[in-house]
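> When you get a sec, could you give me coordinates for this:
(one chain, ligands or ions: 1)
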Amino acid sequence: MTLDFTHTTLGQRVVFGTGQVAASVAAEVERIGAERVMVIVSGSAADKVTDFTEHFPVALWHREVVMHVPAEVADRAVAAAEIGDIDLVVSVGGGSATGLAKAVALQTRIPVIAVPTTFSGSEATNVWGRTENGRKRTGVDDAVLPRTVIYDAELLRGLPHDLAVASGLNALAHCIDSLWAPAADPINRALAVEGIRVLSEGLPQLGAESSALAGLESTLYGAYLAAVAFASAGSGMHHKIAHVLGGTFNLPHAQTHAIVLPYVLAFNAPAVPEAEARMAEAFGAETAVAGLQRLREAVGAPRALSELGFASGDIAEAVDLALEAIPGDNPQPVTRENLTALLTAAWRGDDPQTIAAQGPTAGTAEAAGDDAGLTPAAVEERLIDTVISSFSGTPDDRLRQLMTAVVTHLHGLIRDVRLTEDEWNQAIGFLTDVGHITDDRRQEFILLSDVLGASMQTINVSNQPYRDATEATVFGPFFVDDAPLIPAGGDIAGGGVGEPCWVEGVVRDTDGNPVSGARIEVWEADEDGLYDVQHDDDRVYGRAHLFSDDDGSFRFWALTPTPYPIPDDGPVGRLLAATGRSPMRASHLHFMVTASGLRTLVTHIFVSGDELLTSDSVFGVKDSLIKDFAQQPAGTPTPDGRDLGDVPWSRTRFDIVLAPAGV
Ligand SMILES: [Fe+2]
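Residues are numbered from 1 along each chain as shown. Got it, this is the predicted structure:
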């Protein structure tokens, strides 16, 4: 192996000494030659450093420390330092206190001495962070690197056990991720491996009260090594995932690290055998994963992301975000599938070893051609691959793409919910019922597609908005393609019962030109909410087709639309009932408009003011399609002079704009 690397060591003094913090700080104050010292101290640490004033002059105590360094808190600390003519900042506390001191240094260039009271490790880095308008900004500036770090294990005595463990495992995550991060080099690997060794010794010794000084010292030392290695190596796969979970889903930082780490380790380990062997040795275990798991067991680490309130429904988004962030040179290639499997396992708290099979080891077993030695997750993954490859000879590219997606998503669903055989049989029974009730007058599959929003979603993806073209909506199950022709101004009611409604408008293209001869199909239910095809005879009503005039205009009589339930006496109705959903559709009139060279428009218009507009059972309502149906009292003269007798009627206008074909 040839050595060829660049490593930057950050210049910093480190002073270790238990029970000596005040004297150690005093010596550094003198060495730096500071005269006006500002001590930033977080609440939990304040009682432990009251003797500072006996050892060196403190010009200012600053106690406002807030997590994630909010900008206004940082600005107040900067102002206090400037007004107090401060020439040295000493921070005492966890990552938030160190972070605030760094924020002061960033603006004022005043040197910092850090006295950490947790294992956060930020004292060893030149990275600063500041939260403005809810977003954390970070950056790198050597001025924020503390000149000196003073470690005194005594200060950590009584650290709550959960916090100590989570923060110690966070340090361990820094070590492990440093082994494969983008700028990993032999020097930071050496530091990282030593960090793993001392952390795995120290953490189990902490005890419930974090009272064992030996354990605290080892863990502090390990946390420092971890931070130095990490500062040099950069963020690897583990930290990118943890950053997404913390930043987007607000999961607690240290606990998230503690949970995700074994899964990332198990995932990457097979691809980095040399590093894996060094980690295993540092853990004193047969494998790195076994060592980490033993350590987690010993310290009672949190197990599953579900325990932190992370929802399985958020896994897909987390995968998308993490995929963008994970370095491309991660030793194990990361795909949507294997990352989903990883986060799903972490969500459930599965044995991390199931993840090891996502990588090349799975491929090896595959080549062997049997399931022997494969984990259950690997067997599941292998089946997906096998089924997908069974379609690889499909001559039609689009069909092959569709079948691959069907298999991927169907298997994803089965695995996500851990589908039982009973449930799958019920699903098959349900689809069988949907098929049995479907005939040439009843289309239950369209209903099913509609109530699942699949029809509407297909329309969304297939009818991208184009200039001012009229929006499309669901086709519905009640169209028939041989509806009668009516002349301009004719009546589509055809004996269907309901309040008469005058409909008029103009068909034009998106350049504003009238479209003559456009074929306009119209259909609707009667006042009882029934379409003609829902009766057991051959009657035809509430439907017709007509053509636009030379100037694009059209007009016809119809029935004022009324709300109706989609047919709910079949399997889809049972599904709605079982899920507490209403079958009601908002009042509407269906249109399908075709004209040569223009995109066919399938849409409805809805009645303004209908209270079902926001709860349409098939998700078909779009604001632009809601129209005013103006009520006309009985006796109001009609536009075409038609005598309606003594009945009220309504009128509406619907101007139709057709997009060009092919857009
Ligand atoms: Fe309808």
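
> CA-only coordinates of the helix or strand containing Ser218, as CSV, when you get a sec.
If you go by DSSP states H and E, Ser218 is part of helix 213-233. This file holds the C-alpha atoms of helix 213-233, laid out as CSV (Å, rounded to 0.1, in the frame of the first residue of the first chain):
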residue,chain,number,x,y,z
LEU,A,213,-14.2,9.1,37.5
ALA,A,214,-12.2,6.5,35.5
GLY,A,215,-15.2,6.0,33.2
LEU,A,216,-15.7,9.7,32.8
GLU,A,217,-12.0,10.3,32.1
SER,A,218,-11.9,7.6,29.4
THR,A,219,-15.1,8.8,27.8
LEU,A,220,-13.9,12.4,27.8
TYR,A,221,-10.6,11.4,26.2
GLY,A,222,-12.4,9.2,23.7
ALA,A,223,-14.8,12.0,22.9
TYR,A,224,-11.9,14.3,22.2
LEU,A,225,-10.2,11.8,19.9
ALA,A,226,-13.5,11.3,18.2
ALA,A,227,-14.0,15.0,17.6
VAL,A,228,-10.5,15.5,16.2
ALA,A,229,-10.8,12.6,13.9
PHE,A,230,-14.3,13.7,12.8
ALA,A,231,-13.2,17.3,12.3
SER,A,232,-10.5,16.1,9.9
ALA,A,233,-12.5,13.3,8.1
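
> what's the angle from the helix or strand just after that helix to helix 213-233?
Per DSSP H and E, the first helix or strand lying C-terminal to helix 213-233 is helix 237-249. Counting by axes from the mean of the first three to the mean of the last three C-alpha atoms, to 10 degrees, helix 237-249 lies at 90 degrees to helix 213-233.

> On the three-state scheme, the residue nearest to Val14 when sequence neighbours are not counted is what?
Once flanking residues are discounted, Val14 sits nearest to Val149: 5.1 Å by C-beta to C-beta, 6 or more residues apart in numbering. In short, each C-beta sits where N, CA and C put it, glycine included. Under DSSP: H, G, I helix; E, B strand; the rest coil, the three-state class of Val149 is strand.

> can you pull the contacts of Val149?
The neighbourhood of Val149, defined by C-beta atoms under 8 Å, 6 or more residues apart in numbering, consists of 12-15, 113-116, 123-124, 224.

> switch the cut-off to 6 Å
In this structure, Val149 makes contact with 14, 114, 123, judged by C-beta atoms under 6 Å, 6 or more residues apart in numbering.

> Which ones among the residues you listed map onto strands?
Counted as lying in strands by DSSP state E, out of the contacts of Val149, are 14, 114.

> among the contacts of Val149, which ones are buried?
By neighbour count, with 16 or more other C-beta atoms under 10 Å, the contacts of Val149 hold 114, 123 as buried.

> With pLDDT and distance to Ala285 added, can I get the contacts of Val149 in a markdown table?
Converted to a markdown table, the contacts of Val149 look like this (pLDDT from 0 to 100; distance: C-beta to C-beta, whole Å):
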| residue | pLDDT | distance to Ala285 |
| --- | --- | --- |
| Val14 | 95 | 29 |
| Ala114 | 97 | 33 |
| Glu123 | 93 | 30 |
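
> would a markdown table of the contacts of Val149 with distance to Asn463 be doable?
Putting those into a markdown table (distance: C-beta to C-beta, whole Å) gives the following:
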| residue | distance to Asn463 |
| --- | --- |
| Val14 | 64 |
| Ala114 | 59 |
| Glu123 | 57 |
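
> wait, which of the contacts of Val149 is closest to Ile605?
Nearest to Ile605 among the contacts of Val149, counting by C-beta to C-beta, is Glu123 at 66.1 Å.
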